[in-house]
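>>> How does the following fold in three dimensions:
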Amino acid sequence: MIRIFARVVSLIALLLCVATASAEPKRIVSIAPSFTEILYALGAGPQIVGTTLYCDYPAEATKTEKIGDVLNPNVEKIISLKPDIVFAGNWKWNVPEKLRAAGILVVEVPDAQTLDDVFQRFNLIAGKINRLPAATQLIATMKQQMEEIRKRAAAKPQRTVYMEIDAGNWTVGGQSYLTEILKVLGLRNVFGERQEPYLTVTMESVVARNPDLLMSLSRTQEEYQSLAAWRALRAVREGKIIDKNAIDWNAITHQGSRLIEGIQQLDSLLNK
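Numbers count the residues shown, from 1 in each chain. Take a look at the predicted model:
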């Protein structure tokens, strides 16, 4: 009886393994560069059959079928690719509904507000393609590298920074993962006390805070230095600017697997 029971348990375990393996998607469509980067980092590149026009990293992504842009993907094109699963943004739009009506599994991935949210995106995507061990390893490596940077930065005097993420004085507040990244780098966001993740601020409020450093995803150093209002900042007058061309900001803004690369690039510039 015991032997029979053991054989039954073994058979059930085998069937579960087979079921899990068969559930792994063979055809994947990604409707965002960040999802594409994560999928490739998790080793699912061979299964990706469709990506957006803006999915250009890694280079292999450019060879996939293109399904339009992020906000206006071609639903008919996606359906024609016969995907087992589609990764889409968790926005207020009708694309997921249309794809589900066609019998396609759609996973909506939320934007990240915190660094933990970024890592949860990895786990969410990995869990849907049976790559959780790869995600666990990726997350552990990224966290270790961030901690190394944090420790080095903590041994140096803290500097203040204003980060402009878009023209019109759009910046980040205390609830943004970008502020967490600044902390990792040993910097203090001059608008870190604000509870909004993203906000617009006045030129007067930036000048009043007079940050040691200016980071910008939207303008060049020359643009800042050509404007009288910005020259009121010591950081601008002294050229302490990491501008839109200084690094590949997509590595950070895509909230994906290249995040640590972007942080390392910033760390290198800060320590020149």
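>>> for residue 86, helix, strand, or coil?
strand (DSSP: H, G, I helix; E, B strand; the rest coil).
>>> What residues does it make contact with?
Listed by CB atoms under 8 Å, 6 or more residues apart in numbering, the contact partners of residue 86 are 28, 29, 30, 31, 78, 96, 99, 104, 105, 106, 107. C-beta here means a position set from N, CA and C on the backbone, and glycine is covered the same way.
>>> which of those count as buried?
Among these, those scoring as buried are 28, 29, 30, 31, 78, 96, 99, 104, 106, 107 (criterion: 16 or more other CB atoms under 10 Å).
>>> contacting residues for residue 240?
212, 213, 214, 234.
>>> switch to 6 Å and redo it
Residue 240 makes contact with residue 213, according to CB atoms under 6 Å, 6 or more residues apart in numbering.
>>> hang on, the earlier thing: rebuild the contacts of residue 86 as a markdown table, extending it with pLDDT and distance to residue 60.
As requested, the contacts of residue 86 are exported to a markdown table (pLDDT from 0 to 100; distance: CB to CB, whole Å):
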| residue | pLDDT | distance to residue 60 |
| --- | --- | --- |
| 28 | 98 | 13 |
| 29 | 98 | 15 |
| 30 | 98 | 12 |
| 31 | 97 | 17 |
| 78 | 98 | 19 |
| 96 | 96 | 26 |
| 99 | 97 | 24 |
| 104 | 97 | 23 |
| 105 | 98 | 23 |
| 106 | 98 | 23 |
| 107 | 98 | 21 |
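>>> Out of those, which is nearest to residue 186?
Top of the list for closeness to residue 186, among the contacts of residue 86 and by CB to CB, is residue 30 at 34.3 Å.
>>> Could you check what's spatially nearest to the closest one, not counting adjacent residues?
Closest residue in space to residue 30, ignoring its immediate chain neighbours: residue 36 at 4.3 Å, by CB to CB, 6 or more residues apart in numbering.
>>> For the stretch 101-250 of the chain, which segments count as helices?
For the stretch 101-250 of the chain, the helices defined by DSSP state H, counting those that start in this stretch occupy 115-128, 132-154, 177-184, 203-209, 221-225, 234-237, 250-253.
>>> With respect to residue 197, which of these lies nearest?
When the helices of the stretch 101-250 of the chain are compared for distance to residue 197 using CB to CB, the nearest one is helix 177-184, at 8.2 Å.
>>> by contact count, what packs against that closest one?
helix 132-154 (3 or more CB pairs under 6 Å, 6 or more residues apart in numbering; DSSP states H and E).
>>> hang on, the earlier thing: what's the closest of the buried ones among the contacts of residue 86 to residue 204?
When the buried ones among the contacts of residue 86 are compared against residue 204 (criterion: CB to CB), the nearest one is residue 31, at 40.4 Å.
>>> any weak-confidence spans in the stretch 101-250 of the chain?
Within the stretch 101-250 of the chain, not a single segment meets pLDDT under 70.
>>> repeat that for 90
For the stretch 101-250 of the chain, the stretches flagged by pLDDT under 90 are 167.
>>> Show me what residue 88 is bridged to.
residue 108 (DSSP bridges).
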